[in-house]
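Visitor: Here's a sequence, model it:
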Amino acid sequence: MPYFHATWRRHLPSIRKHGLGGAMPDMQNFPVERGVYLSTDAAVAVAMMIEAYVLNGDAWGMSPQEALEAMCVIVVDDSRIDQRMIDVDPNVERRDMTILYRGVIDIASLPVVSVNDVIPSDAMTEDDAMAVLGLK
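Guide: Have a look, this model is predicted:
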């Protein structure tokens, strides 16, 4: 079963160099415990990033379209996960959707997909997207 981690594209060079969880990003989307937050559903990972944008978007100076283009999802093969390092995500009530990984994940040769690969742009109207982003 793959896991998914949504992040900002600008973090990819550091993640590729140090591994996912190997270096602290220059900013956190939420005030959370240190670790790698993974989802069992790519759409849930994207939803977390959208929530971060809704909460902080004005400070980041990105339009909704720019934010969606700046997001990406790393598809993590479960063979890269040490099961002993998996912990409960303390921020999400449903235990079947997300985990907190307390290790570093080598993402070499793992796929990185865009938001449109996860949620096709024709999946909702522009008005729907603006409402989801809290802009309407």
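
Visitor: Look up phi and psi at the residue nearest to residue 18 when sequence neighbours are not counted.
Guide: The shortest distance from residue 18 to any non-neighbouring residue, by CB to CB, 6 or more residues apart in numbering, is to residue 104 (7.4 Å). All C-beta atoms are positioned from the backbone trio N, CA, C, and that covers glycine. As for residue 104, its main-chain torsions (degrees, to the nearest 10) stand at phi -110, psi 140.

Visitor: you'd agree residue 104 is up against residue 19?
Guide: Yes. Look at residue 104 against residue 19 with CB atoms under 8 Å: they come within range, at 4.1 Å.

Visitor: What residues does the residue nearest to residue 18 make contact with?
Guide: Shown in contact with residue 104 (CB atoms under 8 Å, 6 or more residues apart in numbering): 18, 19, 20, 21, 22, 36.

Visitor: All good on my end, thank you.
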